[in-house]
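Enquirer: okay, here's the prediction I keep looking at, along with the sequence it came from:
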Amino acid sequence: MENAEQETSMPQDSSASQPPPQSTGAPVPWWATQQEPQKPPRRPLGSIVAIALIAGLVGSAAGNLSTGGSFFGHKVNLVSVSNTIERAPDSVAGIAKRVLPSVVSISTESANGGGTGSGFIIDSNGYILTNNHVVADAVSGGRIRVSLNDGRTIGAKIIGRDSSYDLAVLKIAATNLPALQFGDSDKIQVGDTVIAIGSPLGLAGTVTSGIISAKDRAVTAGGTEGENSFINALQTDAAINPGNSGGPLVDATGAVIGVNSAIASLGASYGSQSGSIGLGFAIPINQARKTANQLIKTGKSTYPIIGIAIDTSYTGIGTKIAESTTAITKGGPADIGGLKAGDIITNFNGKAISNSDELIVAVRAKSVGDKVSLEFERNGKSLQTEVTLVAASQ
């Protein structure tokens with residue numbers, strides 16, 4: 001049986017032995033000057049094996065060198081080089097490195113069970129800001145524990161909480177803590193890069209990034225014991241999941257511009273997905289900072305009102321004042337401004353109002369003492385007035 005690699009003899013080209021044509025003064029065709037490409041000579045099998053063996057020896061020698069050995073008896077010292085990745089201070093990695101030491105994990109224990117959430121240090125003397133719904137279950141006879149980024153776990157007490165804004169301030173017995181820098185949530189723009197940090201599903205120190213998707217979203221979140229929070233929220237597509245609540249949303253400088261508080265989920269009709277679908281909401285830090293200061297100083301906070309009762313059954317555009325004798329608080333902002341039962345508020349301080357939630361959120365985003373303009377309809381006629389917001393009674 002013949003070897004499959006055996007060569008077949010071919011007849012020689014007679015033109016290869018002919019002398020080149022004599023020059024006649026005429027141009028020589030280009031093909032007459034070309035030579036047959038030469039094939040590399042075939043190496044005998046033995047030489048191929050020898051080359052392989054030599055390559056093996058060289059590889060072996062290189063292995064000796066890499067371990068600080070010798071090459072043919074001569075000592076060779078090689079310098080080891082390691083590459084480092086330069087991370088800019090304003091990169092996601094750079095910002096996360098600065099912010100993470102200020103972010104904490106919060107765990108609660110109560111008669112109803114336990115839960116986890118997030119928070120962040122707002123004062124080096126141990127004050128921590130988080131969501132009210134993170135700690136609400138532990139208010140009566142429960143226990144709250146705060147885990148710091150450095151590995152310490154310390155018991156915490158509630159300084160104050162406000163269900164209307166879904167905010168709470170905790171205090172731990174620790175000092176010289178790294179507090180986060182506050183940003184200005186009024187200056188944030190749609191499309192700005194943001195980073196969310198917290199403990200989703202108990203996974204402490206989780207960092208996600210995205211952008212601001214929208215501003216001034218009217219978000220209503222239900223709490224315990226029928227408590228509802230009305231948030232004039234920042235919307236982001238940074239991944240936020242259960243356990244991120246209370247953690248910071250920071251801007252491209254590392255300054256906190258929001259408190260992560262709520263997510264939108266698809267619900268049971270869409271496969272029971274309850275995790276992030278790119279619709280997360282944060283309380284603007286300007287509001288959160290104002291409330292936190294009140295809680296630290298007095299243990300409680302307040303919110304502004306215009307002094308009306310709302311008709312929750314109304315389904316038209318705007319917010320309808322209930323048609324009852326008690327719908328307008330006597331001597332309140334609405335009463336002084338000339339509003340009456342049955343009026344429909346359609347614009348608040350230049351912002352169109354579609355429903356009652358939008359009005360409540362818009363009012364609570366303001367401060368006590370602010371003057372605001374209102375547009376309303378009465379018997380099909382459009383009217384305007386100005387009112388001064390007052391504090392809700394405690």
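Expert: Good, I have the coordinates. None of these values were measured; they are calculated from a predicted model.

Enquirer: quick one: the helices in this protein?
Expert: Taking DSSP state H as the criterion, the chain contains helices spanning 45-66, 92-99, 132-135, 285-298, 333-336, 356-364.

Enquirer: ok, the nearest residue to Lys351 once chain neighbours are set aside - how many residues close by?
Expert: Closest residue in space to Lys351, ignoring its immediate chain neighbours: Ala362 at 6.1 Å, by CB to CB, 6 or more residues apart in numbering. For glycine as for every other residue, the C-beta is placed from the backbone atoms N, C-alpha and C. By other CB atoms under 10 Å, the residues close to Ala362 number 21.

Enquirer: for Ile257, same thing?
Expert: Ile257 has 26 nearby residues by other CB under 10 Å.

Enquirer: quick one: the closest residue to it other than its chain neighbours from Pro248, how far?
Expert: Distances taken as CB to CB, 6+ apart place Gly183 nearest to Ile257, at 4.2 Å, with adjacent residues excluded. Gly183 is 10 Å from Pro248, where distance means CB to CB, to the nearest Å.

Enquirer: what touches both of the two?
Expert: Both Gly183 and Pro248 are in contact with Val256, where contact means CB atoms under 8 Å, 6 or more residues apart in numbering.

Enquirer: these two: which is more packed in?
Expert: The residue with more neighbours, out of Gly183 and Pro248, is Pro248; 31 against 23, by other CB under 10 Å.

Enquirer: just for the stretch 151-300 of the chain, where's the confidence low?
Expert: 222-227, 266-276 (pLDDT under 70).

Enquirer: just checking, Arg161 touches Ala168?
Expert: Yes. Between Arg161 and Ala168 there is a contact at 3.8 Å, judged by CB atoms under 8 Å.

Enquirer: so what sits against both of these two?
Expert: Contacts common to Arg161 and Ala168, judged by CB under 8 Å, 6+ apart, are 132, 135-136, 295.

Enquirer: which of those ranks first by neighbour count?
Expert: Going by other CB under 10 Å, Asn132 tops the shared contacts of Arg161 and Ala168 with 26 neighbours.

Enquirer: check contacts around that residue.
Expert: 161-163, 165-168, 223, 227, 229.

Enquirer: mind doing that once more with 6 Å?
Expert: 161, 163, 166-168 (CB atoms under 6 Å, 6 or more residues apart in numbering).

Enquirer: can you pull the domain assignment for the protein?
Expert: Using automatic domain parsing, the domain parsing of the chain gives 92-172, 193-298, 304-391.

Enquirer: can you redo the ones you listed as TSV with distance to Pro178?
Expert: Below are the domains of the chain laid out as TSV (distance: least, CB to CB, whole Å):
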stretch	distance to Pro178
domain 92-172	5
domain 193-298	12
domain 304-391	29
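
Enquirer: and Gly119, how close does it get to Pro101?
Expert: 13 Å.

Enquirer: the more surrounded of these two?
Expert: Neighbours were counted for Gly119 and for Pro101 using other CB under 10 Å; Gly119 has more, 28 against 16.

Enquirer: how about the contacts made by the nearest residue to the more buried one once chain neighbours are set aside?
Expert: Of all residues not flanking Gly119 in the chain, Thr130 sits nearest, at 3.5 Å (CB to CB, 6+ apart). Taking CB under 6 Å, 6+ apart as the contact definition, Thr130 lies against 106, 119, 168, 246.

Enquirer: which of the residues you listed fall within strands?
Expert: Among the contacts of Thr130, the ones falling in strands (DSSP state E) are 106, 119, 168.

Enquirer: list the contacts for the last one?
Expert: Put plainly, it is Ala168. With CB under 6 Å, 6+ apart, Ala168 has these contacts: 130, 132, 135, 161.
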